[in-house]
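*Asks:* got a sequence here, can you model it:
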Amino acid sequence: MSKVAVGGTFQYLHDGHAKLIEKAFEIAENGKVHIGLTSDEMLQKSHGIEDYESRRAKLLQYLKEMRFPEDRYEVTRLNDPCGPSLEEDFDYIIVSPETYPVALKINRIRENKGRKPLEIVYVEYVMAEDGIPISSTRIAKGEIDRHGRMKKDIQS
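*Replies:* Below is the predicted model:
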């Protein structure tokens, strides 16, 4: 049984987040998915992101709606970009283009400690209708919805 790590801020749970989480469960098969959720302290609350508990509640609701069995995942607080992946024996880490460099860093540190590197599973961005990646920043700016559909300018 595989032990899979995936992490993020998971603000405005969008289709890109869904793709990462679904890939984690696919890779884990009957194993366990460990979802690291960025803490408020790590974010420094400078750009209008919901607090940890609100994001955690929405993430847990999403996992429930997706019908992932509760015994197949664990949500933990990330206080730094590497989280428990430096010490715990995960088999895989699921990353986006944005988090790929962190996975490389994690493996360098693990190897320096004499630990087995994690297998990195790279998941491409999900594109919005305009061909630009879906992101929480774009959603917050009102450019797109969480599925990447363009929001119409109602002031026209």
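
*Asks:* which of the residues in the helix or strand of the chain with the lowest mean pLDDT are buried?
*Replies:* Every helix and strand of the chain was ranked by mean pLDDT, DSSP states H and E. The lowest is helix 40-43, at a mean of 88. For helix 40-43, a neighbour-count test (16 or more other C-beta atoms under 10 Å) marks 42-43 as buried. C-beta coordinates here come from the backbone N, C-alpha and C atoms, glycine included.

*Asks:* so after that helix, what's the next helix or strand?
*Replies:* Proceeding C-terminally, helix 40-43 gives way to helix 52-65 as the next helix or strand, assigned by DSSP states H and E.

*Asks:* so where's the protein uncertain?
*Replies:* 45-47, 153-156 (pLDDT under 70).

*Asks:* can you do 90?
*Replies:* 1, 41-49, 152-156 (pLDDT under 90).

*Asks:* so where do the helices sit in it?
*Replies:* Remark: helices assigned in the chain by DSSP state H are 15-28, 40-43, 52-65, 100-112, 136-140.

*Asks:* now do the buried residues in stretch 101-119.
*Replies:* Counting neighbours by 16+ other C-beta under 10 Å, one finds that the buried residues in stretch 101-119 are 102-103, 106-107, 110, 115, 118.
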